[in-house]
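In: Only the shape, not the letters, is given here:
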DNA sequence: CTCCATTGTATCGAATATCGATACGATCAT
DNA sequence: ATGATCGTATCGATATTCGATACAATGGAG
């Protein structure tokens, strides 16, 4: 009974196989792939065979487990390569990293998460390793709250309320009322902040990048380790630079 | 006529659609997708519909053209997240960038290209924008030659000879004899170099990262703009730091 | 503003490629 | 050495994908 005659379930299964490598281990046996992708062993066999021929999967030498090849990055890279905002933002992000001497990131929204699309790492500290493409939840991140603060109130509220809100650390805010208060504060101040709500030892300040209608496209954030900054001090010293950076990116993108 | 009864052509078509966004424009109409993916309009319709439901494609607001969503980066990110070498390398790469005050990259081999998997951008200069996931050919890049120099001679020769070798600039070496000489030199010196063979104004020095059997896994390279360095000077000052970095990564990975 | 060419969307019957089950053989752990 | 688990190959049934085509929507030209 094909409910949607245009939907192709083979493609769904194939992508589920690629996504199966996201959870946990980096090499998987066929049985594990079938289990994680929630498909039958036969389907897994076909999909793995196809992906191997196409060069996206390879047998781990010496065993029969499969692993992703660097070729899968072509798929994600195409997004980055076509992202006009990223091109515009890069020099401003580099400058902010130079001025602040801290790690600076650009993230874009997807569902209820923010996705890292650019990252300039400060020299003096290697913080939590967050490669391009990784995700942080909107509700408890500075970047997410900055993004939400540039949406209209009802849209932001709806997003927060329907998002799962696990407690990552003892400091994570999980009550939607509290979170919405922080978003309201961010709206007034022009930037948002977050202290140790995702990782202990890590704070962040963030500001939204907006289009010509004021709608948010992305967020810039500075990662400030608690070992070097108190929150108040970071807000006083870094927030003006941050807001300036986000405003410059927004302005340049408009005139692109 | 299913020549290979295990091969799933729907999956191939779906991935071809995602890859179609790599060539040229960042938004495509259905007709353009069908053309670039080399599939019929009907197939394109089904694949696009499916990818849209799964969240990998979205309609560009205000038009009917499609664009990739950040969600596609999940696929590529899974590779990075599972890459043990990358974890080990990061601090050493950061240190090399700090010491050299230039941009440092880690690349891994795929086919006849090297793929960027990590990048530490120097503050004082924003060179050619090469995001994670982008590729450079082995035959004319420092990283590629460093990688090839750690393979046995015959394997390296075969790779170079069967690789297409377009001339990117007036300085690009395209004769396999010349290229193999450079690889031989790299083998003796422990690092390779390249000056303006891909982009004018850009040189690079590179060294291979090897496993416990001496087989290459990746390459570290420093991008040195011609505006700041003469080749001989760069080789004298930067190569020792570079070799040290690659050796440290190799050693740490062995003991992982 | 109208018309036309092009593009996106929906539908359909045919038949092929995909489906899941199963059987066999290889591999690993005990 | 033995058994259990896992990867590989094969099969018949049929659901699902196939390409064609018809229709509607769009956008540009005149």
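Out: All right, it came through fine. What you see is a predicted model; the values in this text were computed from it and never measured.
In: so what are the domain limits for chain A?
Out: A:9-74, A:84-254 (automatic domain parsing).
In: To DNA strand C, which of those domains lies closest?
Out: domain A:9-74 (3.2 Å; C-beta to the nearest atom of the strand). The way it works is simple: take the backbone N, C-alpha and C, and place the C-beta from them, glycine included.
In: okay, how far is it across the closest one, tip to tip?
Out: Start to finish, the residues bounding domain A:9-74 are 23 Å apart (C-alpha to C-alpha, to the nearest Å).
In: hmm, that domain touching DNA strand D?
Out: Yes: using C-beta under 7 Å from any atom of the strand, we find that domain A:9-74 touches DNA strand D at A:9, A:10, A:29, A:30, A:31, A:41, A:42, A:45, A:64, A:65.
In: weakest of the domains of chain A in terms of mean pLDDT?
Out: Mean pLDDT per stretch puts domain A:9-74 lowest among those, at a mean of 91.
In: burial of the closest residue to residue A:136 other than its chain neighbours, as a residue count?
Out: In this structure, residue A:136 finds its nearest non-sequential neighbour in residue A:114, 5.5 Å apart by C-beta to C-beta, 6 or more residues apart in numbering or on different chains. Per other C-beta atoms under 10 Å in any protein chain shown, the neighbour tally for residue A:114 reads 30.
In: what's stretch A:233-253 in contact with?
Out: With C-beta atoms under 8 Å, 6 or more residues apart in numbering or on different chains as the test, stretch A:233-253 has contacts from A:84-85, A:88-89, A:92-93, A:95-96, A:99-100, A:102, A:104, A:189-191, A:193, A:203, A:205-211, A:217, A:219-222, A:224, A:229.
In: what's the answer for stretch A:26-36, then?
Out: Contacts for stretch A:26-36 (C-beta under 8 Å, 6+ apart): A:17, A:20-21, A:23, A:25, A:40-41, A:43-45, A:48, A:60, A:63-68, B:81-84.
In: Quick one: buried ones out of those?
Out: Buried members of these, scored by 16 or more other C-beta atoms under 10 Å in any protein chain shown, are A:17, A:20, A:21, A:43, A:44, A:48, A:66, A:67, A:68, B:81, B:82, B:83.
In: Tell me which two in those residues are the farthest apart.
Out: With C-beta to C-beta as the measure, no two of the buried ones among the contacts of stretch A:26-36 lie farther apart than A:43 and B:83, at 27.1 Å.
In: residue boundaries of the helices in the stretch 1-150 of chain A?
Out: Ranges of helices within the stretch 1-150 of chain A are A:9-20, A:30-37, A:41-54, A:72-81, A:84-100, A:142-149, based on DSSP state H, counting those that start in this stretch.
In: Point out the most buried one among those helices.
Out: The highest mean neighbour count among these, using mean count of other C-beta atoms under 10 Å in any protein chain shown, belongs to helix A:142-149: a mean of 30.
In: any bit of the following helix or strand past that helix sitting next to chain B?
Out: On the C-terminal side of helix A:142-149, the closest following helix or strand by DSSP states H and E is helix A:153-162. No: interface with chain B: helix A:153-162 contributes nothing (C-beta under 8 Å from any C-beta of the partner chain), its closest point being 14.9 Å away.
In: other SSEs contacting the helix or strand just after helix A:153-162?
Out: Sequence order places helix A:176-189 as the next helix or strand after helix A:153-162, per DSSP H and E. Helix A:176-189 sits against helix A:142-149, helix A:153-162, strand A:192-195, with contacts defined as 3 or more C-beta pairs under 8 Å, 6 or more residues apart in numbering or on different chains; DSSP states H and E.
In: quick check: angle from helix A:176-189 to helix A:142-149?
Out: Here the directions of helix A:176-189 and helix A:142-149 differ by 80 degrees (axes from the mean of the first three to the mean of the last three C-alpha atoms, to 10 degrees).
In: buried sites along helix A:176-189?
Out: A:176, A:179, A:180, A:182, A:183, A:186, A:187.
In: again, but for stretch A:227-234
Out: Quick answer for stretch A:227-234 (16+ other C-beta under 10 Å): A:229, A:234.
In: and the angle for the helix ranked longest in chain A with helix A:142-149?
Out: In chain A, assigned by DSSP state H, the helix with the most residues is helix A:231-254. Here the directions of helix A:231-254 and helix A:142-149 differ by 60 degrees (the same axes, to 10 degrees).
In: what's the spacing between helix A:231-254 and its chain's center?
Out: Chain-centre distance of helix A:231-254: 19 Å, with C-alpha atoms, centre = their mean, to the nearest Å.
In: same check, this time on stretch A:106-122
Out: Centre-to-centre, stretch A:106-122 and its host chain are 4 Å apart (C-alpha atoms, centre = their mean).
In: What of stretch A:72-88?
Out: On C-alpha atoms, centre = their mean, the centre of stretch A:72-88 falls 14 Å from the chain's centre.
In: Next up, phi/psi of residue A:172, please.
Out: Backbone geometry at residue A:172, expressed as degrees, to the nearest 10, gives phi -60, psi 130.
In: Against residue A:215, how distant is it?
Out: Going from residue A:172 to residue A:215 by C-beta to C-beta, to the nearest Å gives 28 Å.
In: Which one's more surrounded, the two?
Out: residue A:172 (17 against 12).
In: I'd like the distance between the residue of the stretch 51-200 of chain A found nearest DNA strand D and residue A:48.
Out: Using C-beta to the nearest atom of the strand, residue A:64 is the residue of the stretch 51-200 of chain A that sits closest to DNA strand D, at 4.3 Å. Here the criterion is C-beta to C-beta. By it, residue A:64 lies 11 Å from residue A:48.
In: Same check on residue A:199?
Out: Residue A:199 sits 35 Å away from residue A:48, taking C-beta to C-beta as the criterion.
In: got it, and residue A:105?
Out: 34 Å.
In: do residue A:175 as well
Out: For residue A:175, the distance to residue A:48 - C-beta to C-beta - is 44 Å.
In: Residue A:137 too?
Out: The value you get for residue A:137 to residue A:48, if C-beta to C-beta is used, is 31 Å.
In: Repeat that for residue A:59.
Out: Counting by C-beta to C-beta, the gap from residue A:59 to residue A:48 is 10 Å.
In: Show me the common contact partners of those two, please.
Out: Joint contacts of residue A:59 and residue A:48 (C-beta under 8 Å, 6+ apart) are residue A:66.
In: tell me which parts of chain A are close to DNA strand C?
Out: A:5-6, A:9-10, A:13, A:39-43, A:46, A:63-64.
In: Which members of those additionally contact chain B?
Out: By C-beta under 8 Å from any C-beta, the members of these lying near chain B are A:6, A:10, A:13, A:46.
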